[in-house]
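Trainee: need a 3D model of the following:
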Amino acid sequence: MVFYVKNNYRQWGVVYMEQKKKFKIPIGLIFNIFIIALTIFLIIYFIFSEDGLIDLINSGLEISIWWIVAAVLMHLLNITIDATIIYIFVKQSVPDVKLKTAIKASMVGQFYCAITPSSTGGQPMQVLMMSRSGIKGSVATSALIQKFLVWQFTLAVYCIVAVIARFSFFREHLDTYMWIVSAIGFAAQIIMLVVLLLASFAKNFTQKISSGFLRLLGKLHILKNADEKIAGLNDTLESFHESNKALQKNKILLIKAYLLTAVQMTAFFLVPYCIAMSFKIPDLSIFDMLCAQSYVTMVSSLVPLPGGSGAAEYCFSTFFMAYISAETMKSAILIWRTITYYGTILISLPFSGIKKKKAEPEIQSEN
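Mentor: Got it, this is the predicted structure:
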């Protein structure tokens with residue numbers, strides 16, 4: 001009898017453990033629910049709270065729809081140039097690449113950057129999409145790293161010039177906490193640039209450091225198939241190094257990439273200016289608006305949440321309160337986020353699906 005009861009307890013214990021495992025909620029699901037809830041809360045808050053969009057509509061304040069259209073066009077220009085830069089970087093290794101492939105790659109990147117923390121999902125999905133369009137994975141990775149290097153360097157220069165040129169403006173609007181965040185942001189930019197420059201010009205050193213780190217993770221059982229990952233990383237570094245040498249020889253292409261990136265950033269940074277102009281705010285300084293938005297972009301990119309949710313809105317209100325009144329600030333934030341974030345998700349959503357079955361190669365790499 002006792003044996004029977006023990007067996008039943010064991011059986012119940014096994015069933016309980018199985019049920020416990022069965023109903024375990026993944027951390028990723030919890031995180032996604034939190035992000036969706038936060039996004040919905042922010043949208044509702046900016047629409048229905050005091051001085052929100054509903055109050056703005058009821059106030060009878062005239063808004064220039066043409067400036068809103070201009071804001072949308074600025075953001076579309078930003079996305080168009082993004083696709084163009086991908087195209088010219090891939091084209092140096094794959095001359096027969098089609099423009100539509102670069103456009104789709106750009107839209108895939110826009111979508112997955114928007115929905116993943118710190119935009120970490122954008123580039124891997126772009127590589128996957130291009131590899132399934134016939135472009136060698138190492139070539140696609142190399143092109144995207146080059147593009148990222150140009151972007152990081154341009155953003156760092158943009159922010160440094162902004163702070164130096166309008167130091168009084170930043171000193172007036174930044175408290176001690178925000179100066180600390182600024183220092184962290186600039187440090188992160190510099191570290192990222194150093195890492196990318198090492199990968200560009202010190203291939204052997206980078207391979208030794210990265211291989212040693214991956215082997216350590218493998219020995220600690222944190223990383224599976226370490227040798228396979230090391231081989232893939234070395235292949236990517238080799239491709240990136242070769243592409244980078246070719247890029248350094250092609251000065252015209254390099255200058256074109258930096259100029260296009262500067263124009264792309266300026267178009268994106270002009271969106272808040274167009275929104276402020278739609279409210280017919282007098283005495284707007286376009287240079288100050290550009291400086292402020294460059295800082296907002298840098299700081300919000302540090303926040304490990306999709307789209308920098310929360311931080312982007314806070315930084316926007318902190319910097320643009322000098323120009324946008326409290327009565328219209330919430331509406332301005334909602335319009336800005338709708339154009340640059342929610343709208344981006346909507347227009348890039350149709351491109352988010354990636355074929356599971358590899359398509360016939362449309363292009364061949366010269367590498």
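Trainee: make it CA atoms for all contacts and neighbour counts henceforth
Mentor: Noted.
Trainee: neighbours around residue 250, how many?
Mentor: By other C-alpha atoms under 10 Å, the residues close to residue 250 number 12.
Trainee: from residue 88, how far out is it?
Mentor: Separation of residue 250 from residue 88 (C-alpha to C-alpha, to the nearest Å): 12 Å.
Trainee: what is the mean pLDDT for the helix or strand where residue 157 lies?
Mentor: Element membership for residue 157, per DSSP states H and E: helix 137-165. Mean per-residue pLDDT for helix 137-165: 83.
Trainee: and it, how far out from the chain's middle?
Mentor: 12 Å (C-alpha atoms, centre = their mean, to the nearest Å).
Trainee: pull out the buried residues from it.
Mentor: 137-156, 158-160, 162-163 (16 or more other C-alpha atoms under 10 Å).
Trainee: and the helix or strand that that helix is followed by, how far from the chain's centre?
Mentor: Downstream of helix 137-165, the next assigned helix or strand under DSSP H and E is helix 167-173. In terms of C-alpha atoms, centre = their mean, the centre of helix 167-173 is set 27 Å apart from its chain centre.
Trainee: tell me the pLDDT at the nearest residue to residue 105 once chain neighbours are set aside?
Mentor: Excluding its sequence neighbours, the residue lying closest to residue 105 (C-alpha to C-alpha, 6 or more residues apart in numbering) is residue 126, at 5.3 Å. Residue 126 carries a pLDDT score of 86 in this model.
Trainee: cool, residue 268 as well?
Mentor: 92.
Trainee: do the same with residue 175
Mentor: For residue 175, the predicted pLDDT is 71.
Trainee: list the buried ones in stretch 114-124?
Mentor: Using 16+ other C-alpha under 10 Å as the burial criterion, the residues of stretch 114-124 that qualify are 114-124.
Trainee: that one: how far from the chain's middle?
Mentor: Worked out by C-alpha atoms, centre = their mean, stretch 114-124 lies 6 Å from the chain centre.
Trainee: ok, now stretch 181-191?
Mentor: 16 Å.
Trainee: show the average pLDDT along the helix or strand hosting residue 289.
Mentor: Taking DSSP H and E as the definition, one finds residue 289 inside helix 286-300. For helix 286-300, mean pLDDT rounds to 81.
Trainee: who are the packing partners of it?
Mentor: Secondary-structure packing of helix 286-300 (3 or more C-alpha pairs under 8 Å, 6 or more residues apart in numbering; DSSP states H and E): helix 137-165, helix 176-201, helix 251-269, helix 271-278, helix 311-320.
Trainee: tell me the pLDDT at the residue most central in space within the chain?
Mentor: Nearest to the centroid of the C-alpha atoms of the chain, with distances taken as C-alpha atoms, centre = their mean, sits residue 119, at 3.6 Å. On pLDDT, residue 119 comes in at 70.
Trainee: secondary structure class for it?
Mentor: The three-state label for residue 119, taken from DSSP: H, G, I helix; E, B strand; the rest coil, comes out as coil.
Trainee: right, and it touches residue 112 too?
Mentor: Yes - proximity of residue 119 to residue 112 meets the contact threshold set by C-alpha atoms under 8 Å, at 7.0 Å.
Trainee: in a markdown table: the buried residues of stretch 114-124, plus distance to residue 224.
Mentor: Compiled in a markdown table, the buried residues of stretch 114-124 are given as follows (distance: C-alpha to C-alpha, whole Å):
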| residue | distance to residue 224 |
| --- | --- |
| 114 | 28 |
| 115 | 26 |
| 116 | 23 |
| 117 | 23 |
| 118 | 24 |
| 119 | 24 |
| 120 | 20 |
| 121 | 20 |
| 122 | 23 |
| 123 | 22 |
| 124 | 18 |
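Trainee: which one of these is nearest to residue 98?
Mentor: Within the buried residues of stretch 114-124, proximity to residue 98 (C-alpha to C-alpha) peaks at residue 123, which comes in at 18.8 Å.
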